[in-house]
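Peer 1: Output the structure for:
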Amino acid sequence: MARAPVRSSQAKVVSNILEKHGYQLGQYLGKGAYAIVWEAYFKKWRTNVAVKVLMKDKAEAEFLSKFLPREIQVWKGLKHPNLINFYQSIETTNRVYIMLELAPGGEVMDKIRMKGACDERTAGKWFEQLCQGMAYIHSKGVVHRDLKLENLLLDQHDNIKISDFGFCKFAATDVKNLKQVQLSETYCGSYAYVPPEVLQGIPYNPFLSDVWSMGVILFTLRTGKLPFDDSNLRRLLKQMIKGPIFTQKHASISLECKDLVRGTLASDVHRYSLHTIFDHPWMLPLVRERPPYLRDMDALYLRPHLRRSTQRLMTIRHTDGGTRSTANLVSSTRLVHPEALRSPSPPPSPPAHRPPLHARPPLQRSWGGREEGGRAESERERERGRGLAKDGRRRE
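Peer 2: Numbers count the residues shown, from 1 in each chain. Alright, predicted model coming up:
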């Protein structure tokens, strides 16, 4: 691989460090709040990798001391064909270098933005691979907590690779037997992908939260748009309680697929487990190999302790008399603050006309799906109005 031109002093520093460890710096791939990502060539393996470079001076102390070590600890212990592989981490005085498997196919989000909704065959292939990867992750007692289209990458054969484990954690208190679940009180993720119990700020089962996010992904794969409009939190919650809406435009979606979407986007009391998803009629013809550990994971999805919280949410089920606007395919990971739902908010303005997703120009996006500029800026302005953290980063 030919070396890309070095255009900055920072790139020179990164290049020098990588050279010492056998890597040759390649092209720039993108950036996030704390990190810049380059492609690099690992001389020993004769293969290209992705190098995520985190700048310590831009990251907060809690991120460096808590979240980053946990992400590395969990990620390097996970090995599955549908996960981005973790190779190595290098720490220097000013930076942390994380070497990861390169996904040359890019993000699934970009495919949807450029081409629109997937056909049933493609959506089935990708969703089955997502289920295989998530079943493996859950079998290790780990939850992802930030599943979204931006974090689903594609290899050279268009196979799904789950990425970005910044919110992951061990949530099963008995990992060996997978019998007990530690409820999560970190209200994190992207508004359009988190379940209603997260928006309400109620301790929730994170394994069921991942299932909800998978349902949002399946809906979006088949329709080309997100199921819920996240521009207003109160309206978002009401739409979630009502459930996904299929119209005449979705006549090409099979009844079995629609039923699976409704089951994954149900209340926490009735939401499907991964075991149920693999047994669903729409999934059975798609499953390449049934994970042997599925039946041992049933206890991870128990939710009698969440019944009261769901009943409280149901009290607003029939209060939405407004119209639904098409949700834009833009999401950014942030901390969800329940106070934003309790504080008064001005009435939403009528949604502007939006062209079809495949006709819109692509956003400038950083590696891992954190947008720069464009709509992301308006989202930050809305966050400040709701009292959210300005940077939208993870906290606990």
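
Peer 1: contacts and neighbour counts: CA atoms only from here.
Peer 2: OK.

Peer 1: Could you pull up the contacting residues of residue 49?
Peer 2: 39-42, 99-102 (C-alpha atoms under 8 Å, 6 or more residues apart in numbering).

Peer 1: all helices in the stretch 1-150 of the chain, in order from the N-terminus.
Peer 2: 9-20, 61-62, 68-75, 108-115, 120-139 (DSSP state H, counting those that start in this stretch).

Peer 1: Map the structural domains onto the sequence of the chain.
Peer 2: According to automatic domain parsing, the chain comprises the domains 24-101, 107-386.

Peer 1: how about JSON lines for these, with distance to residue 17 added?
Peer 2: Listed next are the domains of the chain as JSON lines, based on distance: least, C-alpha to C-alpha, whole Å:
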{"stretch": "domain 24-101", "distance to residue 17": "9"}
{"stretch": "domain 107-386", "distance to residue 17": "21"}
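
Peer 1: Just give me the lowest mean pLDDT stretch among those domains.
Peer 2: For the domains of the chain, mean pLDDT drops lowest on domain 107-386, to a mean of 78.

Peer 1: Ranking by neighbours, what's the top pick from the contacts of residue 49?
Peer 2: Sorting these by how many neighbours each has (other C-alpha atoms under 10 Å) puts residue 40 first, at 26 neighbours.

Peer 1: Skipping adjacent residues, who's closest to residue 290 in space?
Peer 2: Take residue 290 and drop its neighbours on the chain: the residue closest to it by C-alpha to C-alpha, 6 or more residues apart in numbering is residue 278, 7.6 Å away.

Peer 1: list the contacts for residue 260?
Peer 2: 215, 277, 280, 282.

Peer 1: Run through the residues that contact the residue minimising distance to the centre of the chain.
Peer 2: Nearest residue to the geometric centre of the chain (C-alpha atoms, centre = their mean): residue 147, 2.3 Å. Listed by C-alpha under 8 Å, 6+ apart, the contact partners of residue 147 are 193, 210, 213-214.

Peer 1: Relative to residue 198, how far out is it?
Peer 2: Distance of residue 147 to residue 198, computed by C-alpha to C-alpha, to the nearest Å: 14 Å.

Peer 1: Look at residue 194 and give its secondary structure.
Peer 2: Reducing the assignment at residue 194 to three states with DSSP: H, G, I helix; E, B strand; the rest coil gives coil.

Peer 1: count of neighbours near it?
Peer 2: 25.

Peer 1: repeat for residue 180
Peer 2: Residues near residue 180, counting by other C-alpha under 10 Å: 16.

Peer 1: What separation do you get for residue 243 and residue 217?
Peer 2: Distance from residue 243 to residue 217, by C-alpha to C-alpha: 14 Å.
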